[in-house]
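J.: model the following, please.
(one chain, ligands or ions: 1)
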Amino acid sequence: MSEPEKKLIFSGIQPSGTFTLGNYIGAIRNWSTYQDDYNCIYCVVDMHAITVRQEPAKLRKNTLEAYALLLASGIDPEKSLLFIQSHVRTHAELSWILNCTTQFGELSRMTQFKDKSARYSGDVNAGLFTYPVLMAADILAYNADFVPVGADQKQHLELARNVAQRFNQRYSETFTIPEPLITKVGARVMSLQDPTKKMSKSDDNPNACILVLDDRDTIIRKFKRAVTDSDAEVCYREGKDGINNLMTIYSSVTGKSYDDITSEFSGKGYGDFKIAVGEAVADSLKPLQDEFSRLIGDKAYLKECYTKGAEAAERYSQRILKKVQRKVGFVEKG
Ligand code: TRP
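T.: Predicted coordinates for the structure are as follows:
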């Protein structure tokens with residue numbers, strides 16, 4: 001994390017139970033691959049999680065599991081900073097200052113706020129509203145150059161850029177303006193039961209979603225039940241959403257091209273294809289699952305990692321925060 005010529009990546013993930021295959025293929029799997037070319041900072045955003053009601057014991061468990069899964073996915077704590085958001089006070093401190101450079105109007109336009117305030121109408125708390133400001137603080141506290149984000153977070157990143165620009169204009173050049181990092185494999189994994197919808201763990205139908213910790217039999221069973229179409233050709237074509245989704249998944253776990261996949265299954269039925277996808281996914285998740293089981297059983301090691309990660313993140317971000325505090329006119333503490 002200390003090679004100055006490299007650009008800096010920051011990303012965060014919510015500890016909302018185990019990750020889906022979509023989270024894994026679309027995001028987390030890529031995070032470890034950035035480590036050679038970039039300095040990387042990743043965190044489990046437990047402070048974002050409490051913007052919706054959480055069961056405390058469950059949040060604690062989910063946070064540790066998310067941390068262990070990130071480690072298991074290949075994020076190397078010797079190369080990257082990996083920590084838990086609430087362990088680094090800079091995020092809350094910077095967030096307050098940035099709240100004062102963010103407009104009520106721009107937060108009101110956030111589509112995720114509109115969606116969530118409708119969904120959790122019994123608890124539209126101020127944190128839910130200022131959620132994007134905390135996310136801006138996460139990113140700007142490290143002067144990150146790039147932020148890998150999915151489509152659902154683009155608007156929040158745009159807000160972070162606007163807030164940074166406004167701060168820089170008001171108080172002089174301080175923050176790096178972060179850019180979205182668009183991944184090469186833009187694999188978007190869809191629901192196995194309704195392939196026009198994104199795969200989501202909050203889906204009512206458990207067969208719609210593969211969780212990265214699902215066992216082999218469960219994975220294969222869910223793929224066997226995947227919704228397809230009524231012709232019988234394994235090929236990527238408009239209108240074949242179910243098969244397209246299975247092809248995307250199969251291609252991204254095996255590295256095979258769509259053409260290869262089509263010839264591999266020519267003359268075979270969807271049944272064979274679905275089993276092959278299930279097996280390939282189970283095989284590709286096996287090392288992650290094994291490493292996760294090992295790590296989650298080693299609480300002392302996890303603690304050592306997240307403690308060191310938080311210490312280093314705090315050192316790094318407090319330097320930037322000090323500068324911000326000076327610029328806004330706070331008296332320097334002796
Ligand atoms: N809001 C993001 C999500 O729900 C998580 C997140 C928090 C994040 N802080 C971040 C992502 C900073 C990127 C950068 O997915």
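J.: which bits of the chain sit near the ligand?
T.: 10-14, 45, 48, 135, 138-139, 147, 149, 153 (C-beta under 6 Å from any ligand atom). Bear in mind the C-beta positions are built from the backbone N, C-alpha and C, glycine included.
J.: in helices, which of those residues fall?
T.: 48, 135, 138-139 (DSSP state H).
J.: ok, now which ones touch the closest residue to Y24 other than its chain neighbours?
T.: Among residues not flanking Y24 along the chain, V212 sits closest, at 5.1 Å (C-beta to C-beta, 6 or more residues apart in numbering). By C-beta atoms under 8 Å, 6 or more residues apart in numbering, the contact set of V212 is 18-21, 23-24, 69, 285, 288-289.
J.: I'd say Y250 and I275 touch.
T.: No: contact criterion C-beta atoms under 8 Å: Y250 and I275 do not qualify, at 11.2 Å.
J.: the two: which is more packed in?
T.: Neighbour totals were compared for Y250 and I275, and Y250 leads with 26 against 13 (other C-beta atoms under 10 Å).
J.: so is that one in a helix, a strand, or just coil?
T.: Recorded secondary structure, Y250: helix (DSSP: H, G, I helix; E, B strand; the rest coil).
J.: now it: closest residue in space that isn't a chain neighbour?
T.: V277 (4.7 Å).
J.: give me the helices and strands touching whichever strand or helix holds the one you found, please.
T.: Per DSSP states H and E: V277 is located in helix 270-296. In terms of contacts (3 or more C-beta pairs under 8 Å, 6 or more residues apart in numbering; DSSP states H and E), helix 270-296 is packed against helix 56-72, helix 216-224, helix 241-254, helix 299-328.
J.: give the contact list for the spatially closest residue to L81 that is not a sequence neighbour.
T.: Excluding the flanking residues, the one nearest L81 by C-beta to C-beta, 6+ apart is I41, at 4.4 Å. By C-beta under 8 Å, 6+ apart, I41 lies in contact with 1, 8-11, 80-81, 142, 144, 313, 316.
J.: mind putting these into CSV with pLDDT and neighbour count?
T.: Shown next, in CSV, are these (pLDDT from 0 to 100; neighbours: other C-beta atoms under 10 Å):
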residue, pLDDT, neighbour count
M1, 63, 19
L8, 98, 21
I9, 98, 23
F10, 98, 24
S11, 97, 23
S80, 97, 21
L81, 98, 25
Y142, 98, 22
A144, 98, 25
A313, 98, 25
Y316, 98, 20
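J.: tell me the spacing between L8 and the ligand.
T.: According to C-beta to the nearest ligand atom, to the nearest Å, L8 stands 12 Å off from the ligand.
J.: okay, now the unreliable bits of the stretch 1-150 of the chain?
T.: Filtered on pLDDT under 70, the stretch 1-150 of the chain yields the residue ranges 1-2.
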